[in-house]
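Undergrad: structure, please.
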Amino acid sequence: IGHYGRGSRASASHISHVDHVPAMFIRLGRKNLYSAYPKLTSMISNYDVNISKIIPHPNYNRPHKYFDIGLMELEWEVSFNEFVQPACLWGHRDISKLGTTGILTSWIILQDAKYKLSEELQAAVIDVLDNKVCDDLYKSICSRYWCGFHDDQLCAGNLAGGVDACQDDIGGPLQVKIDMDVKSSFNIYQVFGVESFGIRCSQGNRPSAYSRVANFIDWIEDTVWPEKQ
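TA: Now for the predicted structure:
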């Protein structure tokens with residue numbers, strides 16, 4: 001999404017993201033950030049689409065870190081193909097059926113002790129942690145803007161450090177790959193979290209906070225498909 005954050009495709013015309021990430025356009029169907037990319041035509045598999053409107057959750061109050069989720073409306077509906085597909089949003093609060101880990105994608109890499117933008121999209125597996133564990137780890141940062149994990153938030157990361165989301169990754173999806181019963185050229189992913197914030201990325205005992213997608217499904221559907229309500 002521009003070079004300012006990331007999101008997940010919720011429909012042909014909307015992208016889910018966190019509300020405090022500015023964006024100008026979205027890039028679809030690419031794993032390389034800098035390679036040549038064409039504008040929209042009916043015959044190509046990757047393109048850029050401008051953002052026409054950003055829709056924050058009505059309860060989000062910046063700079064507070066709760067209800068930190070939003071939608072971006074695109075200038076036109078995109079065409080799905082082998083490389084551009086909508087994200088499946090996990091609609092159940094119980095995420096135990098998805099396992100104990102999630103897949104994090106990122107454009108940020110650690111190189112020579114500095115965080116840099118990667119040309120290739122990176123992916124890593126991180127642990128989904130109990131919110132109570134993370135509350136204990138983050139007691140020291142309690143403030144008027146954020147003080148503990150609420151029910152609409154998730155905590156995830158590797159407590160040993162080394163692999164985690166960074167501040168520049170906000171808005172990115174936390175997802176799991178679903179095994180298909182039949183052979184298919186497509187991979188199905190369930191997005192169950194959207195990154196809200198992190199502290200000292202890749203350091204031990206510093207997991208990141210995610211907005212729990214299931215808590216916002218009704219709002220997403222009412223916003224994207226109001227005519228069906």
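Undergrad: which regions of this structure sit below the pLDDT cut-off?
TA: 1-23, 35-46, 110-113, 167-169, 180-186, 228-229 (pLDDT under 70).
Undergrad: which parts of it belong to which domain?
TA: Following automatic domain parsing, one finds the domains of the chain at 8-81+217-228, 88-214.
Undergrad: just the CA coordinates for stretch 101-109, please, in CSV.
TA: What follows is stretch 101-109, C-alpha atoms only, in CSV (Å, rounded to 0.1, in the frame of the first residue of the first chain):
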residue,chain,number,x,y,z
THR,A,101,1.1,-20.0,14.8
GLY,A,102,0.5,-17.5,12.1
ILE,A,103,2.2,-16.3,8.9
LEU,A,104,3.5,-12.8,8.9
THR,A,105,4.4,-11.0,5.7
SER,A,106,6.7,-8.0,5.5
TRP,A,107,8.7,-5.7,3.3
ILE,A,108,11.2,-5.0,6.2
ILE,A,109,14.4,-6.8,6.7
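Undergrad: list the contacts for the closest residue to Asp152 other than its chain neighbours?
TA: Leaving out its chain neighbours, the residue that sits closest to Asp152 by CB to CB, 6 or more residues apart in numbering is Asn215, at 4.0 Å. Placement of C-beta: from N, CA and C, glycine included. Each residue near Asn215 by CB atoms under 8 Å, 6 or more residues apart in numbering is listed here: Arg93, Asp151, Asp152.
Undergrad: change it to 10 Å
TA: Shown in contact with Asn215 (CB atoms under 10 Å, 6 or more residues apart in numbering): Phe67, Ile69, Gly91, Arg93, His150, Asp151, Asp152, Gln153, Leu154.
Undergrad: ok, Leu159 next?
TA: Leu159 makes contacts with Ile126, Asp127, Leu129, Val133, Cys134, Leu137, Gly204, Asn205, Arg206, Pro207, as judged by CB under 10 Å, 6+ apart.
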